[in-house]
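A.B. asks: Got a predicted structure here, sequence first:
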Amino acid sequence: MEFTLLILIGLALPVIWTIAFFMGLGTRTRVQVLEQRNQVLEQEVLRLAARPRTAPDAAPAEPFVRPAAPPVPQVSETPPTVPETPVPTPPQPEPARPTPPPPRVEPTRPTSVPQQTPAQTATATPDGPGFEETFGTRWVVIVGGLALALGAIFLVKYTIEEGLIGPGMRIILGALLSAGLIGGGEWLRRRERDEGLVERQQASIPAILTAAGTTAAFATTWSAYGLYSFIAPGSAFILLGIVAMATLAAALLHGPALAGLGLIGAYVTPMLVSTKEPSFWALYLYLLFVTAAAFALARFRLWRWLAVSAVTASALWILPGLATAVDASPTPHQIYVVCLVLLAAALIVSGFLFGPEPEGDEIEPVSSGTLIVYAAVSALLVVATSQVMSALAAFTLVCAIVIAVAWRAPSAIAAVPVAAILSAVIIAEWAVTLAYGSAVANSGLVEGLPITSQSNASQHLVFGALFALLFGGSGYLAQGRYERPMPGLLWAASAVVAPLLILAALYYRVANFERSIPFAGLALLLAALYATATEMLDRRPPRPGLRVSGAVFAVGSVASLALALTMALEKGWLTIALALMTPGIAFIYAKRPYAFLRWIAAACGALVCARIGWMPTIVSDLGTTPIFNWLLWGYGVPAVAFWTAATILRRGADDVPARMLDGAAILFTVLTVTLQIRHYMTGGNMWIDGASLSEAGLQVSALLAIAIGLERLRERTKSEVHNIGAIAVAGLAVLLIWVGLMFTRNPLNNIAPVGGRFFNVILLAYGIPSVLAIILALTARHVRKMPYRVFAAGTAVALALMYLTLQVRRLFVGEVLRIGPGSWPSDAELWTYSAVWLVFGVVLLLIGIALRSQPARMASAIVILITVCKVFLFDLAGIGGIWRALSFIGLGLVLVGIGLLYQRLLFPQRRSGAPSTT
């Protein structure tokens, strides 16, 4: 018994010493504060006494000067300059002769002390605490509190290892330690309150002691349950919850640090207690009480961080229940989420019931974010339960609460469009479930989609209609209620996005994107409703946000009309409908120039591009009809739509949306032409390997024609996209010319016949492209740099020279132009090449002289140089007889004639009789 008593005394002494130590620290702090306050008061008194006195104030000082003769020896301690300081001496000359120093005895201290008060004040009240103050008043206390908590844990550990005391006594001592720390903290708090100490940037010793005590209480309670099984799980759960709630309540007095500790303890408590038969009802009831307490504390102290932490923790606790939501009843989870939404609406949302005061129509992040989190949790619960009826009903109730709260409190309006999107996502998740095993197939992502079924669709049709009415109706009715445009814009976006997405998802699920007149009728009804809303808002008196909301409803009308066309017509019309939305939205922008409309139009263009990337053939069977097939509708109509929309948007600004549509217009124009050529030349079988010379020639001609059009367009629009597009298309054409026409598809390397004598494949593949290349070079003559012009002109000359060469060979050998063993050119053919090349060179020279074009003259010189090399290297050794003589005679005559042209026209000499400048 005596040994046990000694142990208890030994265990109690550290606690007493610790409390005494912290009490001493608190007393020291209070003394320091009082000293500082006393010093400030003294300095203020000295400052007031040192102020210069006026003449009326100097006269009453006489009675106080004369009786002060005995303290004259003190004057000897003052500096020599002190007698010169007082100003009131001239009006009083008579007493200065017998006792000069006494009149200066009283002002001696004031005159010297105020000269030092600025420095003293600066040191006494600095801008912030120094290192020593921070170390002594904050860090030491915080570390001390942590040491207390760890010391309690280590003390329990030591007693367990040494076997000094039994389990029951350990629990009792732990409870006493907790009570002592908490009591000490409360006693110090009341002392500071009663003494009226000034709050400074110091660690709160009462809060540290209370935090250490609550930590010890948590550890003691859990030890009684988890280590020694002294209490049942239910009792442990209740006790831990009481400790956590008491900690949260103590945070009202001790500050946010204790609130954080209590919050952690409250939400961790269910993880520390396990039972054989867990009950979600009990868990969620406890969590609701904890969350309500945290929300109330956050509301009372206006601690946003506490509200956000409680929202996050309460939402995360739904995750363990998702795994059992399918097999077991989902009712507890649904009720829990609905109650969380109600608690948040009552205590967290600014301007609603007991929430904080709102700031006008400002959208508050915590208010909106809280409702968004709980709406997302409710949607996740719907998906986890395979969209059972009760989960859908609970989510609908959550959406209704969100709308009702946002209707009264503008701070939560941002949650409305998110809830609208979540409702559409739920319907879409029911309608579309990717088959991940076949998501990548030969025909693309289409094979990854399931085969839809019309069974069990009535439930989701009802909920889809309910969501559409809920968000659509509230979004329209909320217009004109606010002093800022953003709330109305968010309501309008919710009213448009949710019904459209829900209708599209239901259309896929029920009709599998097939032709459906009922769904087309619903889309037309939506278009009419949105158009009516636009007109009604336009007729209202001017209010902030009405015009921008009207623009949103107008966009919804255009989108609904496009969706109706998609549903009423055959497959592939979705691409056309999306494309036709862009000029419609651009037209709305022309009437109501809001910047977001430009981005919506650009987004529609991006969706069309994505749709083409998903299924380039638009439909599965293009057929064999040339020109008037799905390629024309799927690529040509979007190209025209994009050109129209880009032109309208460019009138406002040449920004990113306008450039996106310009780029899409160029892309779809090129694709329309090239794919139509491919479809025509292959008879509808576009996926066969290779391309004929005719197809290559047509593709080159089409690309050159598009490049010419873009060059002329860029001169008028000065658009950077048109500039880049012209260069890109011209570069693609040049690549096909040099790689395809000059080498891989050249008739000199192939046995494919070229057709008739003059109207043949050679004309199609080389003659027409050469003319187009010359036009491109002339078009870029004054707007492009010299390298571009030289390369374009050189390509045109090469095409023309190849055309003349192949045409000569066609006249000599027939339809097959391949050069090889047994088909070498004859002497007459070689001489004809020389003659034709020389004539071509002369023609180029004349063109260069007429146009004053140096690139043309340089091209002429190159052709003539090639001809000279050919005559001297091949004709001299390869041909004989009259043909050799004719080659050299013709070459000589042409060269002399060219020299004459240069001397007379380009570089004429002065007459010999002309006066000299020297």
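C.D. replies: Ah, there it is.

A.B. asks: Could you use CA atoms for every contact and neighbour count after this?
C.D. replies: OK.

A.B. asks: Give me the pLDDT for Phe354.
C.D. replies: We have a pLDDT of 88 for Phe354.

A.B. asks: Who are the contact partners of it?
C.D. replies: Ala346, Leu347, Ile348 (Cα atoms under 8 Å, 6 or more residues apart in numbering).

A.B. asks: May I ask you to confirm that it belongs to a helix?
C.D. replies: No: secondary structure of Phe354 (DSSP: H, G, I helix; E, B strand; the rest coil): coil, not part of a helix.

A.B. asks: Tell me how far it lies from Ala346.
C.D. replies: 6 Å (Cα to Cα, to the nearest Å).

A.B. asks: picking that back up, quick one: which of the contacts of Phe354 is most hemmed in?
C.D. replies: Ile348 (29 neighbours; other Cα atoms under 10 Å).

A.B. asks: and that residue, what are its phi and psi?
C.D. replies: When read as degrees, to the nearest 10, the backbone of Ile348 gives phi -110, psi -40.

A.B. asks: do the one 5 residues further on as well
C.D. replies: The phi and psi torsions at Leu353 (degrees, to the nearest 10) take the values phi 50, psi -110.

A.B. asks: Can you tell me the closest non-neighbouring residue to it?
C.D. replies: Among residues not flanking Leu353 along the chain, Ala346 sits closest, at 5.3 Å (Cα to Cα, 6 or more residues apart in numbering).

A.B. asks: Buried residues of whatever helix or strand the one you found lives in, list them for me.
C.D. replies: Element membership for Ala346, per DSSP states H and E: helix 331-347. By neighbour count on 16 or more other Cα atoms under 10 Å, the buried set for helix 331-347 is 332-334, 336-347.

A.B. asks: mind showing which ranges of the stretch 401-550 of the chain have poor pLDDT?
C.D. replies: 433-456 (pLDDT under 70).

A.B. asks: run the last query once more with 50
C.D. replies: 434-455 (pLDDT under 50).

A.B. asks: For it, which segments are assigned as helices?
C.D. replies: For the stretch 401-550 of the chain, helices defined by DSSP state H, counting those that start in this stretch occupy the ranges 415-431, 458-477, 485-511, 517-539, 546-568.

A.B. asks: per-domain residue ranges of this structure.
C.D. replies: Structurally, the chain divides into domains by automatic domain parsing as follows: 1-51+102-122+130-277, 279-412, 643-863.

A.B. asks: Which of those domains has the lowest mean pLDDT?
C.D. replies: For the domains of the chain, where the average pLDDT is lowest is domain 1-51+102-122+130-277, sitting at a mean of 60.

A.B. asks: quick revisit: quick one: contacts for the residue nearest to Leu353?
C.D. replies: Per Cα under 8 Å, 6+ apart, neighbours of Ala346: Phe352, Leu353, Phe354, Gly355.

A.B. asks: which one of those sits closest to Ala310?
C.D. replies: When those are ranked by distance to Ala310 (Cα to Cα), Gly355 comes first, at 15.4 Å.

A.B. asks: Quick one: end-to-end length of stretch 617-635, please.
C.D. replies: From its first residue to its last, stretch 617-635 covers 10 Å (Cα to Cα).

A.B. asks: picking that back up, now distance to Arg809 too, for the contacts of Phe354, in TSV please.
C.D. replies: Below are the contacts of Phe354 laid out as TSV (distance: Cα to Cα, whole Å):
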residue	distance to Arg809
Ala346	92
Leu347	92
Ile348	89
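
A.B. asks: closest to Ile737 among those?
C.D. replies: Once Cα to Cα is applied, the member of those that ends up nearest Ile737 is Ile348, at 69.6 Å.

A.B. asks: Can you show me the strands along the stretch 651-800 of the chain?
C.D. replies: Here the stretch 651-800 of the chain has no strands by DSSP state E, counting those that start in this stretch.

A.B. asks: ok, how many other residues are close to the closest residue to Arg481 other than its chain neighbours?
C.D. replies: Leaving aside its chain neighbours, Arg481 sits nearest to Gly488 (7.8 Å; criterion: Cα to Cα, 6+ apart). Applying other Cα under 10 Å, we find 28 residues neighbouring Gly488.

A.B. asks: for Ser458, same thing?
C.D. replies: Residues near Ser458, counting by other Cα under 10 Å, number 11.

A.B. asks: From Ala602, how far off is it?
C.D. replies: For Ser458, the distance to Ala602 - Cα to Cα - is 36 Å.

A.B. asks: again with Gly794
C.D. replies: Distance from Gly794 to Ala602, counting by Cα to Cα: 39 Å.

A.B. asks: Could you check which of those two has the larger neighbour count?
C.D. replies: Ala602 (27 against 20).

A.B. asks: Regarding that one, which helix or strand does it belong to?
C.D. replies: Counting by DSSP H and E, Ala602 is part of helix 595-614.

A.B. asks: Quick check: which helices or strands does that helix pack against?
C.D. replies: helix 573-591, helix 637-652, helix 656-681 (3 or more Cα pairs under 8 Å, 6 or more residues apart in numbering; DSSP states H and E).
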